[in-house]
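Q: how would this look folded up:
(chains A, B, C and D)
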Amino acid sequence: MGLLLFGVAKDIAGAAMISFPATATDVAALKEWLYENYPPLRQLSSLMIAVNREYAADSQLIHAGDEVAVIPPVSGG
Amino acid sequence: MGLLLFGVAKDIAGAAMISFPATATDVAALKEWLYENYPPLRQLSSLMIAVNREYAADSQLIHAGDEVAVIPPVSGG
Amino acid sequence: MQRYDRQTRLEGFGLEKQRLLQQASVLVIGAGGLGVPVLQYLTAMGIGKIGIVEHDTVSVTNLQRQVLYTTADQNKPKIQLAADRLGQLNPEVQLVQYDTWLTTDNALEIIQPYDVVVDCSDNFGTRYLVNDACVIAGKPLVYGAIYKYEGQLSVFNYQGGATYRCIFPEPPEAGEMLNCSEIGVLGVLPGIIGCYQANEVVKVITGIGTPLKNQLMTIDTLHNTHLIFNITPVAANRQMQRLAGNYQQTVCEVNNLQSLSVQQLHSWLQQGNALQLLDVREDDEWEICHIPQAIHIPMGQVLGRVAALQPEAPVAVLCHHGMRSRAVGQRLVELGFKQVYNVEGGIHAWACSIDDQMQTY
Amino acid sequence: MQRYDRQTRLEGFGLEKQRLLQQASVLVIGAGGLGVPVLQYLTAMGIGKIGIVEHDTVSVTNLQRQVLYTTADQNKPKIQLAADRLGQLNPEVQLVQYDTWLTTDNALEIIQPYDVVVDCSDNFGTRYLVNDACVIAGKPLVYGAIYKYEGQLSVFNYQGGATYRCIFPEPPEAGEMLNCSEIGVLGVLPGIIGCYQANEVVKVITGIGTPLKNQLMTIDTLHNTHLIFNITPVAANRQMQRLAGNYQQTVCEVNNLQSLSVQQLHSWLQQGNALQLLDVREDDEWEICHIPQAIHIPMGQVLGRVAALQPEAPVAVLCHHGMRSRAVGQRLVELGFKQVYNVEGGIHAWACSIDDQMQTY
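A: Modelled structure (predicted):
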């Protein structure tokens, strides 16, 4: 499934869009997969995941066809 | 069917969204209906109609469920 | 290059793109609501040469959105002020002043030496003229326009892409409805749209990202709605060989009757501003009281004696309570007078607020 | 009110909304990349009272995006410059200066008197502090932040809506990766985001349109992609009673070693800028040649004699070719020196470019 990346997450992954395995069926599992494959993301402490343009808690299920986005915090001013 | 209005077209119609009759099955017919019901629109000379976020020529057909928008020219700076 | 450190260290930009900015030339048509942010950010980012086309003076009603100017700048030419301030921001940028309106006579010549043109004008006539001149001269045109709380953006005539006439083939009839200064605008709107224009200019010059070629972006700032419409280029619109004879240009800000308080009038007179104060009351009213600096032409005689006034210099029209003067002011505007003010409340307000020795009636 | 004519004649705004602006007070945290456009447009539009929190001085690297300042302003305090220029733009606005960083000790007291707070800071510590203080004080917070070519916007803590901690509960670990001045930013990006912040402030104050309550808008300026994400407010995040003990604030722009050319150094010395020029070469090198204004402390002794330097005033570090001075400069930055410059090319470059009488070695 496709994952839309923003900010520093895009830089860490090296792409604006990456694929994640269908075994990540909820947000918690997706985060775990992200942290495992892109360890620098751990430094962020907080990482917003949005499913279909809605903030998604860890328990939120991910279904085929959902639009999933990773939005890291940004501090620049 | 629903019509999304921008700029001065919104002011002339008095709403950001209006309904138009299903008898307007192409862009030419839609424009004719608009000019008849909102005569001040004639002053604009040019009026962009977009169907599904694409510029639509007069001959373009309009189908049920299409997103139709009226975008007048704007001069302010 | 220390100045551009935040850009040269930016991934995807770097020294290479910074050099492209510094080698580029950009012409900005208009130094008003849109032009001010475009000029500020293009200058700051380090464009090599920036041309400015502007012939207006600063009015107090500009200041809610044209943040480059100050209250003390009123009635001074914008172009000189803009060039001075931008030079202070970044002396490395070559700033070229065109103290004129863009016309069919000068447009091609002014545009020719530049790589990119930015339309920050405020009236349809100039917008069509800019488009046509860019088509003829083969220049990309970064377009921005505003209406109330909405904006439009595009990059026209870029790498074979669509032109302004591909979405709006013909200019509107000259009509009150579309006159921007009567409609009003929220001050920050041209800031948003102008910054986007500057951003598109950088994209066109450096090749980063996706410029709005063959796209019209609409922004509704009340609801943060951003839509992008695809445009199909019409080849015939790029075949243009020469400009039209007449673009019916109207200068938006200038050709409107403006309001002037008696306090402001007092301050202008004290400062010795070059102002024609026109008192249109009848002879017997003039005998009762008048302001010494005023020119007296009764209302009924103004049109016959209009040659006594200079149409390029500001005129403030005064009567008893501000009603007759409004009618005369409107007429002067229609006759092409560039800056016409109605003194609100008339000489009665002057007697009440400024000169308590003056006889009232 | 003539000044606000374009807003008072705007349908849906008018005198009524203009009065709300003039009765409102807004606190802007930071007068940098985001703060400059926020301050310019809020001042122009006629907010009654604007507070500015800023403790930085102008650096040349600010000027590619902070368009309120000029090249001649380098090393001067931003807050005084901002207040002066904004006052010239619109003397009707009451401008209040807070010449300090926002800290756990002063945040609540500074925020308390204002209706709306705008976060234009540049580091996570301050952003969490601002959020928490706004929750405790019950103030709406207009949030904007930038990264490379992207921006984020929201209105937090507004009418029972979500807070910053509802999307990002805990601050990131302090890490190099997220340090904004190392990453770089395209100059116009904070212009776009700051203008949107000013627009949201107007919406919060006047009630027009739809503010970004419970919404996060992301903007990608490379591809003109605007997305709005809905946020679910978490009630616990609004129960906060007191600030945290430590927000690990880092000041983004200031805490970095900056580069200085010998030409710039020469010009600063000629202008008599308050600069500590620190020569860290060994005694025998000093004997061969040196710049008269320099303070001489060999590299190995700098840390032991650091008390001889003023940490608030700028320091330029010089060696033979610019390598040792870079190491010393980095160390001074870590010790909390606010403005540290490495003289690129060292005294050798000085001898080649500035003083051809100087002996080289």
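Q: list the strands paired with the helix or strand containing C:Ile50, with their directions.
A: If you go by DSSP states H and E, C:Ile50 is part of strand C:49-53. Strand C:49-53 pairs in its sheet with strand C:25-29 (parallel), strand C:94-98 (parallel), by DSSP bridges.
Q: what mean pLDDT does the last one get?
A: The one in question is strand C:94-98. When pLDDT is averaged over strand C:94-98, the result is 98.
Q: for stretch C:347-358, same thing?
A: 93.
Q: that stretch spans what distance, first to last residue?
A: Across its full length, stretch C:347-358 reaches 9 Å end to end, with Cα to Cα, to the nearest Å as the criterion.
Q: buried residues in that stretch?
A: Neighbour counts over stretch C:347-358 (16 or more other Cβ atoms under 10 Å in any protein chain shown) mark C:347-351, C:354 as buried. Placement of C-beta: from N, CA and C, glycine included.
Q: could you pull out the helices for the stretch 251-361 of chain C?
A: Secondary structure of the stretch 251-361 of chain C (DSSP state H, counting those that start in this stretch): helices located at C:262-270, C:283-288, C:324-334, C:346-353.
Q: out of those helices, which gets nearest to chain D?
A: Between chain D and these, the shortest gap by Cβ to the nearest Cβ is with helix C:262-270, which sits at 6.7 Å.
Q: who touches C:Thr221 in this structure?
A: C:149-151, C:186, C:188-189, C:192, D:196, D:199, D:209 (Cβ atoms under 8 Å, 6 or more residues apart in numbering or on different chains).
Q: just give the number of residues close to residue 58.
A: With no chain named, the answer covers chain A. A:Asp58 sits with 12 neighbouring residues when counted by other Cβ atoms under 10 Å in any protein chain shown.
Q: try chain C instead
A: Here the neighbour count serves as a burial measure; for C:Val58 (other Cβ under 10 Å) it reads 23.
Q: got a list of what it touches?
A: When contacts are counted by Cβ under 8 Å, 6+ apart, C:Val58 is found next to C:66, C:69, C:73-76, C:78, C:81.
Q: got phi/psi on it?
A: Geometry field for C:Val58 lists phi and psi as phi -80, psi 130, criterion degrees, to the nearest 10.
Q: next one: it from C:Pro314, what distance?
A: In this view, C:Val58 and C:Pro314 are 12 Å apart by Cβ to Cβ, to the nearest Å.
Q: please apply the same query to A:Val74.
A: Here the distance between A:Val74 and C:Pro314 works out to 48 Å (Cβ to Cβ).
Q: contacts only, for the residue of chain A found nearest chain C.
A: Here chain A gets closest to chain C at one residue, A:Asp11, 7.4 Å apart by Cβ to the nearest Cβ. A:Asp11 makes contact with C:Glu11 under the criterion Cβ under 8 Å, 6+ apart.
Q: host element of it?
A: Going by DSSP H and E, A:Asp11 is in helix A:7-13.
Q: ok, and what's touching stretch C:91-110?
A: With Cβ under 8 Å, 6+ apart as the contact definition, stretch C:91-110 has outside contacts at C:3, C:22, C:27, C:29, C:43, C:46-55, C:77, C:79-80, C:83, C:86-87, C:121, C:126, C:129-130, C:133, C:136-137, C:243-247, C:249, C:251, D:71.
Q: and with 6 Å instead?
A: Contact with stretch C:91-110 is made by C:29, C:43, C:49-53, C:55, C:79, C:83, C:86-87, C:126, C:129, C:133, C:137, C:243, D:71, as judged by Cβ atoms under 6 Å, 6 or more residues apart in numbering or on different chains.
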